[in-house]
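**Q** okay, predicted coordinates and the sequence, questions at the end:
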Amino acid sequence: MCEEQTVSLVDVLEEDEELEEEASAVLAGSDSDHCSYPQGYVKRQALYACNTCTPKGGEAAGVCLACSYKCHEGHELFELYTKRNFRCDCGNKKFSELQCKLHPDKDDINSLNKYSQNFFGVYCTCSRPYPDPDDQVEDEMIQCVVCEDWLHGRHLGCVIPDCVELQEMICESCMNKNLFLWTYAAHLAVPGAVDQVKEEAEESKLNVLKEDKADDVSEPSCKRSREEAESSCRLKELQAIGQKRVQSGAVFWPSEWRSKLCSCNACQETMSKTGLSFLLDESDTVLAYEHKGKNSDQRQQGHDPLMSALDNLNRVQQLEIIHGYNDMKTELKDFLQSFATEGKVVTSDDIRQFFEQQSRKRRRVDSDPFHST
């Protein structure tokens, strides 16, 4: 007979805290009270698609966080996580029977918005929903930073590296649509994500580059600086080295890889034509957005009603309340830890008994003016 696996309330509380932090990272960067439409095409925000109002077969549409609460309460929503450069569609002509409660005066269509299969609740190259009731395989979903679709780890065509949450991924389809990214991948991408990296005469190429630079020393400095300014392209330098990478599978990139991309005029023009200018913006990353969200959440916590009430008390009263709270928190953790250690299940009677004991203890302290702890 196998023992039933139990989870202590401490574990539940810790898990809830982690979930709250994740939610703050994503949602605190977006306004939950005001429609984002007046801000135009927001650089990055949490988005939702409403299957009730715009079901599959109709036109794709996305709504901001506030509209998901105020205008689509009770509807079937697809959580899209975050998307870049998007303007809220709520209540425009794509919604035949719904008017936005927060900002009813909207254009018929947001022509610069980009839509994908995600807006109909399907993801990855397999075009399946998430979570998928017919898929029994446990697998994480990873978002491509270019097309912003979510792909199953097993459908990426590569090995998923460690610390993947700190890295950005570009799917194979987006890499092949922008072939110059493979050159960067050979030099900047996380090693080991694809089968092999081939080096073709790298050392000799480097020597040639060094010799060319040495020959330039004899030229006038003004001419040399002008030519360097005209031909200084990091991408071309990497192409000249000749290091190659197997061009298959998704590519994972380490933190700060964007700062190593070439930003010369020619490369900026290429990025603009291919719609990849955002790759030159390090603040475009989801990690930067989440960091902003966490900071925003911490600032909002500074205006907590409980803290505001404490501000109206004198210093002695504040210290008494804070010490009392800390004591109760410590005792509650110790109480729950005893259950976890013994493998016992915490019942509602156990919790009620704990707080009754706390109440009796508090009454004893209040009735004894000479009591000390």
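**A** Everything's here; your move. Numbers count the residues shown, from 1 in each chain.
**Q** any weak-confidence spans in the chain?
**A** 1-25, 28, 192-231, 296-320, 322-323, 343, 362-373 (pLDDT under 70).
**Q** residue boundaries of the helices in it?
**A** 9-27, 65-70, 172-177, 180-188, 202-215, 221-231, 234-241, 265-273, 286-301, 305-311, 315-342, 348-367 (DSSP state H).
**Q** give me the buried positions along the third one.
**A** Just to be clear, that refers to helix 172-177. Neighbour counts over helix 172-177 (16 or more other Cβ atoms under 10 Å) mark Glu172, Cys174, Met175 as buried. (Each C-beta comes from the backbone N, C-alpha and C, glycine too.)
**Q** tell me which of the residues you listed is nearest to Ser359?
**A** Taking Cβ to Cβ as the measure, Ser359 sits nearest to Cys174 out of these, at 60.3 Å.
**Q** separation between the closest one and Glu140?
**A** 19 Å (Cβ to Cβ, to the nearest Å).
**Q** end to end on stretch 136-146, go ahead and measure it.
**A** 28 Å (Cα to Cα, to the nearest Å).
**Q** count the residues that sit near the closest residue to Tyr130 other than its chain neighbours.
**A** Spatially, and ignoring its direct neighbours in sequence, Tyr130 is nearest to Tyr123 (5.2 Å; Cβ to Cβ, 6 or more residues apart in numbering). Residues contacting Tyr123 under the criterion other Cβ atoms under 10 Å number 23.
**Q** pull the contacting residues for Tyr123.
**A** Contacts for Tyr123 were tallied using Cβ atoms under 8 Å, 6 or more residues apart in numbering; they are Gln117, Pro129, Tyr130, Met141, Asp149, Trp150, Leu151.
**Q** same question, Leu279
**A** Applying Cβ under 8 Å, 6+ apart, the residues near Leu279 are Val145, Arg258, Leu261, Met271.
**Q** and the second one, how many neighbours?
**A** The one in question is Arg258. Based on other Cβ under 10 Å, the number of other residues close to Arg258 is 19.
**Q** next, work out how far apart the closest residue to it other than its chain neighbours and Phe180 are.
**A** Spatial nearest neighbour of Arg258, excluding adjacent residues (Cβ to Cβ, 6+ apart): Glu282 at 5.0 Å. Noted for Glu282: a distance of 19 Å to Phe180, by Cβ to Cβ.
**Q** could you do Cys233 as well?
**A** 11 Å.
**Q** same thing with Pro55?
**A** 39 Å.
**Q** ok, the two, which is more surrounded?
**A** Taking neighbours as other Cβ under 10 Å, Pro55 and Phe180 compare with Phe180 leading, 17 against 12.
**Q** quick one, strands of the stretch 1-150 of the chain?
**A** Taking DSSP state E, counting those that start in this stretch, the strands of the stretch 1-150 of the chain run over residues 42-50, 63-64, 77-86, 141-143, 150-152.
**Q** and Tyr289, which of those strands is closest to it?
**A** Of the strands of the stretch 1-150 of the chain, nearest to Tyr289 by Cβ to Cβ is strand 42-50, at 4.8 Å.
**Q** neighbouring strands for that closest one, and are they parallel or not?
**A** Partner strands and pairing direction for strand 42-50 (DSSP bridges) are strand 63-64 (antiparallel), strand 77-86 (antiparallel).
**Q** for the closest residue to Leu188 other than its chain neighbours, what are its contacts?
**A** Computed as Cβ to Cβ, 6+ apart, the closest residue to Leu188 that is not its neighbour in sequence is Trp257, at 4.9 Å. By Cβ under 8 Å, 6+ apart, the contact set of Trp257 is Glu168, Tyr184, Leu188, Ala189.
**Q** surely the second one and Leu261 touch.
**A** Right, Tyr184. Yes - using Cβ atoms under 8 Å, Tyr184 is in contact with Leu261, at 6.6 Å.
**Q** which of the two has more residues huddled nearby?
**A** Tyr184 (23 against 18).
**Q** so which bits of stretch 117-132 are buried?
**A** Neighbour-count burial for stretch 117-132 [16+ other Cβ under 10 Å]: Asn118, Phe119, Phe120, Gly121, Val122, Tyr123, Cys124, Arg128, Tyr130.
**Q** likewise for stretch 43-59?
**A** Arg44, Gln45, Ala46, Leu47, Tyr48, Ala49, Cys50, Asn51, Cys53, Thr54.
**Q** in the sheet, who's paired with the first one?
**A** Okay, so that is Arg44. Arg84.
**Q** okay, the strands paired with strand 42-50, which one's buried deepest?
**A** strand 63-64 (a mean of 30; mean count of other Cβ atoms under 10 Å).
**Q** contacts for that strand?
**A** 30-31, 35-37, 42, 45-50, 71-72, 88-90.
**Q** and stretch 252-262, which residues are buried?
**A** Applying 16+ other Cβ under 10 Å to stretch 252-262 flags Phe252, Trp253, Trp257, Arg258, Leu261, Cys262 as buried.
**Q** brilliant, that's me finished.
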